[in-house]
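Q: What would the 3D arrangement of this be:
(2 chains)
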There are 2 protein chains.
Amino acid sequence: MTGDVETAIAAAREFLGDRLSTNSSIRAHHSHGEDTQTPRLPDAVAFPTTTEEVARLLALAFAHRVPVVPFGAGTSLEGHVTPVRGGLSIDLSRMNGMLEVNAEDMDCRVQAGATRVQLNEHLRDQGLFFPVDPGSLDSTFGGMCATRASGTNAVRYGTIRENVLGLTVVLAGGRVVRTGGRVRKSSTGYDLTRLFIGSEGTLGIITEIGLRLHGIPEATAAAACQFPTLRGAVETTIAVLQSGIPVARMELLDEVQMAACIAYSRLDGLEALPSLFFEFHGTEASAAEQAARAEEIAVECGAKGFRWATDAADRNRLWRARHDAYWAALALKPGHRSLTTDAIVPISQLDALVLGAKADIEASGFTAPLVGHVGDGNFHSVILVPDEPGALDRAWALDRKIVARALSLGGSCSGEHGVGIGKREFLEAEHGKEAIAVMRAIKSALDPRGLLNPGKMFLDG
Amino acid sequence: MTGDVETAIAAAREFLGDRLSTNSSIRAHHSHGEDTQTPRLPDAVAFPTTTEEVARLLALAFAHRVPVVPFGAGTSLEGHVTPVRGGLSIDLSRMNGMLEVNAEDMDCRVQAGATRVQLNEHLRDQGLFFPVDPGSLDSTFGGMCATRASGTNAVRYGTIRENVLGLTVVLAGGRVVRTGGRVRKSSTGYDLTRLFIGSEGTLGIITEIGLRLHGIPEATAAAACQFPTLRGAVETTIAVLQSGIPVARMELLDEVQMAACIAYSRLDGLEALPSLFFEFHGTEASAAEQAARAEEIAVECGAKGFRWATDAADRNRLWRARHDAYWAALALKPGHRSLTTDAIVPISQLDALVLGAKADIEASGFTAPLVGHVGDGNFHSVILVPDEPGALDRAWALDRKIVARALSLGGSCSGEHGVGIGKREFLEAEHGKEAIAVMRAIKSALDPRGLLNPGKMFLDG
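A: This is a model prediction of the structure:
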């Protein structure tokens, strides 16, 4: 702990009281996310409850040159929340207020520490919901914005990027900026909202978020269909997208993941084969029509069967199984850690990527089920890593191989998990030297002292 | 003309030959768009055909401190293309190549001077189309990106912002940056694509654009419905959006605009009343169902009738009339100029904005029909300005009043036309001092000599 940090901590304690903690177990909790990076303790953890408190913290951090790292639900898979240079972890989880809901305009404003599950609970009587759903873990909106998250509904509803109307962000030094507004579109000024979305805490700390909402669909239909080959599933995906069926969700599970789900979630009647799970939203008639057309396409592409989840209980069992896919994967190898890949390619390249990845996985000796947002061209393999010397390095080597393949197919190293620490080495290969230079110019302009989440996004940041 | 400009022009002529022009009628054509700002001649007009040529031009401009202004179709309504400090107008209209179409991935790449009509012609046999449609005039993709354009299809398909996958941009000094990629989402790096979209040529010159495409819908249904009051039309809009009907287009025309359209486009059977025009995309069954549900809602909100455009000819007549609304408005007052407003508010505030604007228009003595993208909360009034001393100033005063009202209702001064020269004075009121400071910091970082489209976006830029 340097002298500067001590001064900053003492000053922060003056207005935060016991919401500024140097307790070792609290610091340990804020030393890592759900990742496999090396943990690092922050010097202290602050629990602000207002934008003004965050602003005062960033003013102190600037004055005393203390690094700051925002912390939400701590579910980052790429090391975003690890304070690699120590300093202050700013935990926003107590800023979880629902600030306003405008039902007529289908929008709302929340604090950054609020979560999707909490918001949808809050909205339920108003016939509205927020669709972006990053998976197994209930993340905060601040974290979702910072990592440009998405999830299973992105095919129809877009990612977080398309569903944020505006932000309140605290900048280095403590200035507070409001971006965007409540209008559904605007062509005035640089798109600061989109600049902060995906900036991973390196340009500012997001404290409030204006969100677009959607009407809860009148009817929902779900289905699972199974294929003898992966190519059939990918061809079905492409044909469904081209047909214009407004599919809400379209998820791929490979035969390894299906075996895991069948065991974990008791999915009777389904086999350990490459499978697509579908969900359709609309009126009763249109959801049924969408499902019937998707079935027709799937059968043409060689589907072995199209199993309807006709009632809500069946449907929930199917999607519960999809949401629990991560836990089902972990249950395959008790005592193992996991490293989750996140490659994404143009959809036409998905089978090349997935088949290549499966060959790489086989050669590596790891068990690594595949599950993915196939409608976006994105999939995850959950590499199960035994507690053995060198195993984690070998798992990272496998991840690198999958990323290299994705990049060579015109893809990206991360569809929705972000760069953090784990994907920094690929940023230049993916975006090119000139794009990185532009990103660095923006970073320097907005964070001249390099105090905002250092060590993330850029290799020498 | 300064000595520096002369040197730059001579150097540019060396590689452009007669594609570098100082001809006075060509310079005059590049001195203004479709706006009411004071024209200003560029010193020369360049017609590059490749990104490399644009890069060489920007390198020369940087070396000799010559301002550069990109020019596309010249359809800007806010003075974007006027070279207010002289210098070089870079006309991208000869860069109109279709670079690639990837039908399986539903994406394509075009040069910045290509137009929407040209692309849709090119795509027709592949069952694909590009939906963003800014209205009466066929604009270039470069111009659409630079102004963050949208149009009648945004309710369902989003604006240009949601439909661009990546860009090639030439920066100040001539560096070439590629942003984004071909994947449908990515969470790696700052969102440079969205930063350049809406930057109006002030951060770089866009030379190539990757676009998302959509399947041509199997069936299209259209309808017009008329209301005794404007409130009924706005209530219908809100209820249709909340019901989740995936309406493709929903356009409002007030009684003045309807009278103009009836006269100009011979819309038999429709009256001079506030009206909504709808379009629904889907299968035969789902388009018909969407239309039936919208009709139900409209009738509940007091619609006087819901007139179906059942065959393609009827449908095309209706939407042709909507597209010709601008010309129909101009035909009301031959010999007048026009000044088009572009205010936008949260949808619940739309009737307050429109009724207030109508009172302001009445008090002003101008004829100014209203037409708008009501599903987005955006409308235009076409203020018809007589050729009389002081009339243009009074028209600008009316525009200012409408903008002030929009801002007080939580809106924006421009939904889709951009800031340019005409809306600079509102930028700070709309976004706040801090947001402007961030925008200026980015501008300084990327254009340190202030040569990229100076005098636009910022009051003292």
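Q: With adjacent residues omitted, what lies nearest to the residue nearest the centre of chain A?
A: The centroid of chain A falls nearest to residue A:149 when counting by C-alpha atoms, centre = their mean (3.6 Å). Take residue A:149 and drop its neighbours on the chain: the residue closest to it by C-beta to C-beta, 6 or more residues apart in numbering or on different chains is residue A:134, 4.5 Å away. C-beta: built from backbone N, CA, C; applies to glycine.
Q: go on, residue A:273?
A: residue A:226 is the one closest to residue A:273 (C-beta to C-beta, 6+ apart), at 4.5 Å.
Q: now do residue A:30
A: Closest to residue A:30 by C-beta to C-beta, 6+ apart is residue A:89, at 4.0 Å.
Q: cool, and residue A:104?
A: Residue A:104's closest residue in space is residue B:348 (C-beta to C-beta, 6+ apart), at 3.9 Å.
Q: Please apply the same query to residue A:105.
A: Nearest non-adjacent residue to residue A:105 (C-beta to C-beta, 6+ apart): residue B:346, at 4.3 Å.
Q: Residue B:353 is in contact with the one you found, correct?
A: No: if you go by C-beta atoms under 8 Å, residue B:346 and residue B:353 don't touch, sitting 9.6 Å apart.
Q: These two: which is more packed in?
A: residue B:353 (24 against 21; other C-beta atoms under 10 Å in any protein chain shown).
Q: Verify the stated contact: the more buried one with residue B:411.
A: Yes: using C-beta under 8 Å, residue B:353 is in contact with residue B:411, at 6.9 Å.
Q: Give me the common contacts of the two.
A: Counting by C-beta atoms under 8 Å, 6 or more residues apart in numbering or on different chains, the residues touching both residue B:353 and residue B:411 are B:343, B:345.
Q: What parts of the stretch 251-400 of chain A come near chain B?
A: Proximity of the stretch 251-400 of chain A to chain B (C-beta under 8 Å from any C-beta of the partner chain) is limited to residues A:281-283, A:285-286, A:289-290, A:293, A:342, A:344-348, A:376-378.
Q: Please list the members of those that lie in strands.
A: A:281-282, A:378 (DSSP state E).
Q: okay if I get those residues as CSV plus pLDDT, distance to residue B:100 and neighbour count?
A: Listed next are these as CSV, based on pLDDT from 0 to 100; distance: C-beta to C-beta, whole Å; neighbours: other C-beta atoms under 10 Å in any protein chain shown:
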residue, pLDDT, distance to residue B:100, neighbour count
A:281, 93, 33, 25
A:282, 91, 34, 25
A:378, 94, 22, 31
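Q: Tabulate these (a markdown table), appending distance to residue B:116.
A: Formatted as a markdown table, those follow (distance: C-beta to C-beta, whole Å):
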| residue | distance to residue B:116 |
| --- | --- |
| A:281 | 29 |
| A:282 | 29 |
| A:378 | 29 |
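Q: thinking again about what came up before, for the residue nearest to residue A:30, which three-state class applies?
A: strand (DSSP: H, G, I helix; E, B strand; the rest coil).
Q: list the contacts for it?
A: Counting by C-beta under 8 Å, 6+ apart, residue A:89 has contacts A:27, A:30, A:42, A:44-46, A:68-69, A:71, A:81, A:83.
Q: Give me the pLDDT for it.
A: Looking at residue A:89, its pLDDT reads 98.
Q: my guess is residue A:217 meets residue A:284, correct?
A: No: counting by C-beta under 8 Å, residue A:217 sits too far from residue A:284 to count as a contact (10.1 Å).
Q: of those two, who's got more company?
A: Legend: neighbour count by other C-beta under 10 Å for residue A:217 and residue A:284, higher for residue A:217 (19 against 12).
Q: which residue sits closest to that one, ignoring its sequence neighbours?
A: Counting by C-beta to C-beta, 6+ apart, the residue nearest residue A:217 is residue A:281, at 3.6 Å.
Q: Look up which residues are beta-bridged to the one you found.
A: With DSSP bridges as the criterion, residue A:281 is bridged to residue A:220.
Q: Hmm, it is touching residue B:246, no?
A: No: with contact taken as C-beta under 8 Å, residue A:281 and residue B:246 are classed as non-touching, separated by 9.5 Å.
Q: Common neighbours of these two, please.
A: With C-beta under 8 Å, 6+ apart, residue A:281 and residue B:246 have common neighbours residue A:246.
Q: So residue A:339 versus residue A:392, what's the distance?
A: To residue A:392, residue A:339 is 7 Å away according to C-beta to C-beta, to the nearest Å.
Q: Could you do residue A:250 as well?
A: Counting by C-beta to C-beta, the gap from residue A:250 to residue A:392 is 33 Å.
Q: and if you look at residue A:254?
A: 23 Å.
Q: between the two, who's got more neighbours?
A: A direct count of neighbours by other C-beta under 10 Å for residue A:254 and residue A:392 places residue A:254 higher, at 25 against 16.
Q: where does the more buried one fall, phi/psi-wise?
A: With angles defined as degrees, to the nearest 10, residue A:254 sits at phi -80, psi 180.
Q: Give the closest residue to it in space, chain neighbours not counted.
A: Residue A:254's closest residue in space is residue A:370 (C-beta to C-beta, 6+ apart), at 4.0 Å.
Q: Tell me, how many residues neighbour the one you found?
A: Residues near residue A:370, counting by other C-beta under 10 Å: 24.
Q: and what of residue A:363?
A: 10.
Q: And for the helix or strand bottoming out on mean pLDDT in chain A, what's in contact with it?
A: Between all helices and strands in chain A, the lowest mean by mean pLDDT, DSSP states H and E belongs to strand A:305-309, at a mean of 84. Here strand A:305-309 makes contact (C-beta under 8 Å, 6+ apart) with A:221-226, A:269-270, A:291, A:294-295, A:298-299, A:314-315, A:317-318.
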